[in-house]
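> Everything below, folded, please.
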Amino acid sequence: MRLLFLVLCCAVPQAAPAQPASHLGVFLEVLPPALRVTVTSARVEFGQQHANAGRVVLDPATGEISIKAAGRHQAGQVQVRGAAGAPYALAVTPVSFLKGYRGRISFGLQMAASPDCSADAFVVVEHPLGAAGHVGKSGCSAWRFGGAIALDGAQPGHYEGLLHVRIAGL
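Next up, the predicted model:
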């Protein structure tokens, strides 16, 4: 006959003396100020052009167009607002061609920036696919989009394309 003995041993809790004071850790992460992006002009518009007008440039710094038969022209524009000096990145995915029912027209993107959203302070950006910026002292920065199209041999009709613009706070 076998006997099995099981012995349990338990620790008896003892009361700790009361502490007159305690310490807590306090932790906080401060996020960068939020940026507000406003599209103030959602179209890059070359107006109405003649089929063999050649190269037409919509200057993003001035908003002027080199040639136009009729109609309205305008540069696209985006404003970035936030705390003065807040950093951000801008990336653009452009199209190389504007497409129409009867063909396509080559398009070359051009961009200009204004550090304080001043209409007369736009400066052309040399590499228009991406840029880093800071919100201006006024709490506003602006970007304009224009470009150049080549109309030699273009077929009559409507042509369009899309620019994808992304702005992210850093």
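
> For the residue lying closest to residue 51 once chain neighbours are set aside, give me its contacts.
Nearest non-adjacent residue to residue 51, counting by CB to CB, 6 or more residues apart in numbering: residue 154, 5.1 Å away. For the C-beta atoms, the positions are set from N, CA and C on the backbone; glycine is no exception. Taking CB atoms under 8 Å, 6 or more residues apart in numbering as the criterion, residue 154 is in contact with 49, 51-52, 103, 105.

> Spell out which helix or strand contains residue 154, please.
Under DSSP states H and E, no helix or strand contains residue 154.

> what do you get for the one 3 residues further on?
Take DSSP H and E as the rule and residue 157 turns out to sit in neither a helix nor a strand.

> on that earlier part again, quick one: the residue nearest to residue 51 from residue 164, how far?
The spacing between residue 154 and residue 164, counted by CB to CB, to the nearest Å, is 24 Å.

> Same check on residue 34?
Residue 34 is 22 Å from residue 164, by CB to CB.

> Same check on residue 93?
Distance of residue 93 to residue 164, given as CB to CB: 4 Å.
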